[in-house]
Every structure is written in C-alpha cells, then in structure tokens.
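Novice: Turn this into a structure:
(one chain, ligands or ions: 1)
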Amino acid sequence: MKIDTSQINAIRHKDGPELVLAGPGSGKTLVITRRVQHLIDQYHIPPSAILVITFTKAAATEMRQRFEKLMGGRRVPVSFGTFHAVYFMILKHAYGYTADNIVKEEQRLQFMKEYIRRLRLEYDDENEFISSLFSEISLIKNTSVNLAHYYSSCCGQDVFRNIFEAYENFLHQNRFIDFDDMLVYCKELLVQRPDILAAWQRKYQYILIDEFQDINQIQYDIIRMLAAPQDNLFIVGDDDQSIYRFRGARPEIMLNFTKDYPDAGKVILDTNYRSGAEIVRHAGNLISFNQKRFEKKIAPAAKTGIPVVKQEFQTQREQNLYVIQEILRLHREGMEYKDMAVLFRTNMQPRFLMEMMLDYSISFTAKDRIPNIYDHWITRDLFAYIDIARGDRRRSTFLKIMNRPKRYLSRESLPYEEVAFDVWEEYYEEQGWMVQRLEKLQMDLKVIAGMRPYSAINYIRKGVAYEDYLREYAEVRRIPFEDLADVLDELQENARGFETFDSWFEHIKQLREELEEQAKSYKVAEGVNLSTLHSSKGLEYDTVFLVDVNENVMPNKKAVLDADLEEERRMFYVGMTRAKNRLYLLWSHQIRNKDMDPSRFLIECESAQTKR
Ligand SMILES: Nc1ncnc2c1ncn2[C@@H]1O[C@H](COP(=O)(O)OP(=O)(O)OP(=O)(O)O)[C@@H](O)[C@H]1O
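Specialist: Numbering: from 1, shown residues only. Predicted coordinates for the structure are as follows:
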C-alpha cells in the first residue's frame, strides 16, 4: 500500500491542534494508528502519554488491534477508549467509583416501568414509551437544557418533569450514575478541581479523536480542558457523515474547530480507497447539495467502477423481489451473503423484505432490533376481532375490542369469563339501541369469519369502523393518524398472499421461530446484512442495496427543517459510501397501496449542485 501525500502529512503532524477532514474510505484508521506509531518511534513520545478516543467500544478494540499489528505485536501502553470509558476512569480515580456504580440497563428499565405504572399514564406500547423517555432524559443531560423550559414530545410537561426528577432521585439514592452522568460529573469535577485537571493534563499530552463529527458539546468541553495548555489535539472526522444530531451530536463543533483553535493545521484526506469511481461520483454529487459543510471534493482511487443501478418498480413487492433475485444471482456467481447489505432508513422497513427472504431461504443478519409488526397493539386488536370471529369466547378478548370503535359497552355487561351474545343482549334488553349494536357486532364477526385475511382486515378497518377509532385516538394524543394507518396498511399487505387465516397464522408462527433462531444462531454473521443507515456507519460491503428511495422515506417525512433535511442527506451519503463495488438505488411507485414519488436524492446524485 502506498501512503498518499495527505495521509503522510497527517501522520507526521507533531505538536498543536490539527484537523483531519477525511472522506469516506479515505483511511482514517490508517492515519490514526500510523500517527501514534510515528509519535512513539520518530518523536519519542512515551506511549502512556497518548490517548486515542473512539465512539464505540468496537471501534476502540479494532483501532487497538490494528495498532498492535502495526507495532509487530509489541504491546505498548497507549490508551484506547471511548469518551465514556475515559471520563469514567477520571471519576473512578476521584471518587472511588467501581463498575457497580454504573446503573445497569435492567435496573433503569425496572425502575422506569414501576414508576410509570404508578403514575397510571396512558400509552400503548410501554417499551416504546420508556425508550422515548430515556432518550429525552439523555438529551437534556447532554445538552444542559433547562428542565423548566423543556417540552417533551412523549408526555405533558409536568409529567415529564416529575419522571425526570424521580429518575434522578433513584440514581442518587442508590449512588448510581448513568452514561450521561459520567460526562456531566466529569466536567463538574475538572472545573471545580484544577489540581485534578492538571494531573490528567500532564498524563495525556497527545490526544487523538476519531469520528469527531459526532461529538457533543459536553464531550468537547471536557476534551478542551484535558488537551490544554499544549492543545495537542488531533481530530479526525467527516462532517458529511455526522448522523447523530438527534442524540446531541453537533457537527458545527467540527466546522468551528479552526475558530476555537486558530493555529490548527488542516489536512484533507480526499481519496476514497473503498468505492468504485461511479459510486464516488454519485455520492459526491449528492452531498454537494448540503449547504452547511466543509467544501471538499473526494476522488476515487479506482479509475473505473461498475455503474450505479437506479431502478423503479410499480410496487414495493416487485422491488423486493428484484433485490431477492439479484442477491440469489450474485450468490450463485460466488459472492457470499455477508458481503451484501440492504440498507433502510428506519427499523420498521426491513420487515416485509425479511419475510420474503425467509420464503426464499436467504439467510440474513439484522443489525438493529426490528419490532415485530405482529406484536404491535393494533395488530393485537385486529387479531382479537379475527379470533372472536373464529369462535374465541374469552371475556379478555372481548374486552380488548368491544369499544374499539366506541360502542359504549360497559365492562359490567360481561360478568362471566365466557361470553355468550344472547346473555349479553339480555343485559341490555331495556336499551334497544344497545341490542342493535351487539347485533351489528355479531353480524360483522360472521362476515369476517367468511373472508380471506386481506379482505377481513379491510372489513375491520372500514366496515367495522376500527379506523374511526384510530383516528380519534390519534387526535386525542396529537399524533399523526397516518402513522397508525401505516401499521394497518403493512399488516394488510402482509396478509395479501394468504388464502386462509390458518395459513397466515402458521406463517407468523414460523416467522417468529425463525427470528428467535436467527437471534441465537452463530451463523447469522454469515447472512445478508439488513441494517438501518445509522447502524451501517463505519462498515463496508461489496454490494449495497438502498431500497424505498422515495420521498417521505428517504428523506423521512419527519424531516421538515433545512437542518433535518441535511441530516437525511448525510445519512443517505453514509449508506451510498458503504459500497465497494455495487450500489443499487431502488424505488417504487406504490408502497402499501399508497402512491409515492421518487426521492429527490435520486436526482441530486446525478449531477453536483452548481454553487451560487
Ligand atoms: N493509501 C492507501 N492505499 C490503498 N488503500 C488504502 C490506503 N489508505 C487506506 N486504504 C484502504 O481503504 C479502506 C478504507 O479505509 P478506512 O476503513 O480507514 O476508511 P475510513 O476513512 O475509516 O472510512 P469511513 O469513514 O467511510 O468509515 C481500507 O481497506 C484501507 O486499508
């Protein structure tokens, strides 16, 4: 491998702040590991004075391994760690914390579950609610937002404040800290104790940081303190790959680095050694549409490359079938499944393709937790209707749906564990209109029993008016009705191919077993990678399929502000640049019966934006 001039310049940097702007596949890991080697071998810096920070544990391990290989297996005491690991170490020395002081995920979850149950709040999916609460709590701690002025998107302001304070109490009482506290406490400590700060400044005289574009304000504040007064701060990152804004990442920090450090040197690594020429060209065109970025032109190391495949389909099913055929073809030609990836914008999207891949016996690895649609509360409601239509008479099943839509039926009207319609009607014999409602329900159930799954769902939506219930539900909670309708659409689409309920339920059972098996099996790492754009960061594959490249999906419909749209574009850019040789950009005219437009990104990657 011939190290290029920019890489050499970065590797040879000695003192003072330095910004290395690195494009995708441009050898960031190579530069960091070689610079550490250079500091030790050429500039005679003691290895223990060098600190390398990465964003994930996996990245730290990989970095250390690559470095040790470079040093010929020689173990040298350079420190490699994540921000959290380093900051926790500082706290450990100051306060005598041990690993037991770090609150475990199960402990947090259990506390939160019990606490919100006590508050008797209304939510449908407890896990989802808790996960939104935790991400908002984390955002507040990381950005030092004033709780009094914070508006939660998952519950009312007072309720949120109450939960936040209760969670903090729970931590304090148990002498626990969570991941966000590590940062907050570390900053407080270093501000209040100049002696401790000075000791750490003496210890780590050279600091290198990878993936700097994803740093948040508090992480940066601490690093600045630690690096002072020499400011031997070597930061490597790609502002175009910053995709964690929702977690508090601030790419502006990287963009403003040379303002904070006017003496900082700057190197741009602008050769992409990973991807073919056509992929690099398309990705470069796309990202040129972002306004807030360092201007840089990334060139491919390869002179040629396979053309990017851009294809449209009538329906999402046709698109997925095409992906499956291509995967099978490439596999027949000798490519391993693990060298291919299908990338999605959200973790809901892979479900449909996953089911189809099971039918074609293609093994796959899902990188993210993919919620099972058959566990969704709306699905459970629909299945309750179907179960009753098929003879289920349990009171608990009736209770689920009897007022969805509203029928004003009371729980007292069902005193027995088993439900009989004639007994039920007797309860209401004085109220003729209620009897009529029960008769209508009974008739609906008969109709459903005689239908195929696809039509049955349609009938429950429209004929039974379950959709009216969802509309009202959405209105009360001020959430978009479309998000709920999406679940119905997806379910209905899944039911399409099945003649009978038995065959559909059998398929669902198999799917569940298969997914559990997949989760356990060691072989999963050998399957086609199904991943969100977020989780694909830092990885590379021979072949990448970007599917559902439609407006409202990529970019996501929730991206309204310019800043959101730029983040969506960066996500797409990260996805495209994971591909070494083959890149497919696919979209369909219809997704779950809804007419869809192609994504603007398809046009943008055709030619670069001419600068105004
Ligand atoms: N000078 C070079 N000549 C040939 N190959 C190189 C050179 N520099 C780096 N590479 C190779 O290019 C590939 C990409 O490098 P690396 O994984 O470090 O990229 P990266 O900058 O971390 O990418 P990303 O930000 O997209 O995740 C690696 O396989 C690496 O060995």
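Novice: Now whichever strand or helix holds Met112: buried residues?
Specialist: Per DSSP states H and E, Met112 falls inside helix 105-119. Neighbour counts over helix 105-119 (16 or more other CB atoms under 10 Å) mark Arg108, Phe111, Met112, Tyr115, Ile116 as buried. In short, each C-beta sits where N, CA and C put it, glycine included.
Novice: What is the nearest of the residues you listed to Leu330?
Specialist: In terms of CB to CB, no member of these lies closer to Leu330 than Arg108, at 43.0 Å.
Novice: unless I'm mixing things up, the closest one is touching Leu133, no?
Specialist: No - look at Arg108 against Leu133 with CB atoms under 8 Å: they stay out of range, at 10.3 Å.
Novice: What is the subsequent helix or strand relative to the longest strand that the chain contains?
Specialist: Among the segments of the chain that qualify as a strand by DSSP state E, the longest is strand 579-591. Once strand 579-591 ends, the next helix or strand along the chain (criterion: DSSP H and E) is strand 594-595.
Novice: Beyond that next one, next helix or strand please.
Specialist: Sequence order places helix 600-604 as the next helix or strand after strand 594-595, per DSSP H and E.
Novice: Contacts for that following helix, please.
Specialist: Contacts to helix 600-604, defined as CB atoms under 8 Å, 6 or more residues apart in numbering, come from residues Asn285, Leu286, Phe289, Lys310, Val549, Glu551, Met554, Pro555, Arg569, Phe572, Leu585, Trp587.
Novice: now the residues you listed in JSON lines, with secondary structure and distance to the ligand?
Specialist: Below are the contacts of helix 600-604 laid out as JSON lines (DSSP: H, G, I helix; E, B strand; the rest coil; distance: CB to the nearest ligand atom, whole Å):
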{"residue": "Asn285", "secondary structure": "helix", "distance to the ligand": "17"}
{"residue": "Leu286", "secondary structure": "helix", "distance to the ligand": "15"}
{"residue": "Phe289", "secondary structure": "coil", "distance to the ligand": "19"}
{"residue": "Lys310", "secondary structure": "strand", "distance to the ligand": "22"}
{"residue": "Val549", "secondary structure": "coil", "distance to the ligand": "20"}
{"residue": "Glu551", "secondary structure": "coil", "distance to the ligand": "26"}
{"residue": "Met554", "secondary structure": "coil", "distance to the ligand": "19"}
{"residue": "Pro555", "secondary structure": "coil", "distance to the ligand": "21"}
{"residue": "Arg569", "secondary structure": "helix", "distance to the ligand": "16"}
{"residue": "Phe572", "secondary structure": "helix", "distance to the ligand": "14"}
{"residue": "Leu585", "secondary structure": "strand", "distance to the ligand": "18"}
{"residue": "Trp587", "secondary structure": "strand", "distance to the ligand": "24"}
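Novice: Closest one of these to Ala456?
Specialist: Comparing the contacts of helix 600-604 against Ala456 with CB to CB places Trp587 closest, at 30.5 Å.
Novice: Not counting residues beside it along the chain, what's closest to the closest one?
Specialist: Counting by CB to CB, 6 or more residues apart in numbering, Trp587 lies nearest to Val549, which is 4.3 Å off, once chain neighbours are set aside.
Novice: which residue sits closest to the one residue in the stretch 451-600 of the chain that gets nearest to the ligand, ignoring its sequence neighbours?
Specialist: Proximity of the stretch 451-600 of the chain to the ligand (CB to the nearest ligand atom) peaks at Gly538, 4.5 Å away. Ranked by CB to CB, 6+ apart and with sequence neighbours excluded, the top spatial neighbour of Gly538 is Ala59, at 6.6 Å.
Novice: just checking, the one you found touches Glu211?
Specialist: Yes - with contact defined as CB under 8 Å, Ala59 counts as touching Glu211 (7.4 Å).
Novice: Give me the common contacts of the two.
Specialist: Contact criterion CB under 8 Å, 6+ apart; residues shared by Ala59 and Glu211: Gly538.
Novice: How about residues contacting stretch 105-125?
Specialist: 126, 129-130, 133-134, 155, 159, 162-163, 166-167, 170, 176, 178, 376-377.
Novice: Please identify which of Ala59 and Glu211 sits among more neighbours.
Specialist: More crowded of Ala59 and Glu211, by other CB atoms under 10 Å: Glu211, with 24 against 19.
Novice: close enough to count as contact, Tyr428 and Gln436?
Specialist: No - contact criterion CB under 8 Å: Tyr428 and Gln436 do not qualify, at 9.4 Å.
Novice: more crowded one of these two?
Specialist: Tyr428 (17 against 12).
Novice: ok, and the closest non-adjacent residue to that one?
Specialist: In space, Tyr428 is closest to Met434, 3.8 Å off (CB to CB, 6+ apart).
Novice: per-residue confidence for the closest residue to the ligand within the stretch 151-300 of the chain?
Specialist: Residue nearest to the ligand within the stretch 151-300 of the chain (CB to the nearest ligand atom): Tyr273, separated by 3.3 Å. According to the per-residue confidence, Tyr273 scores 97 in pLDDT.
Novice: isn't it right next to Gly23, touching?
Specialist: No - Tyr273 is not in contact with Gly23 according to CB under 8 Å; the separation is 9.9 Å.
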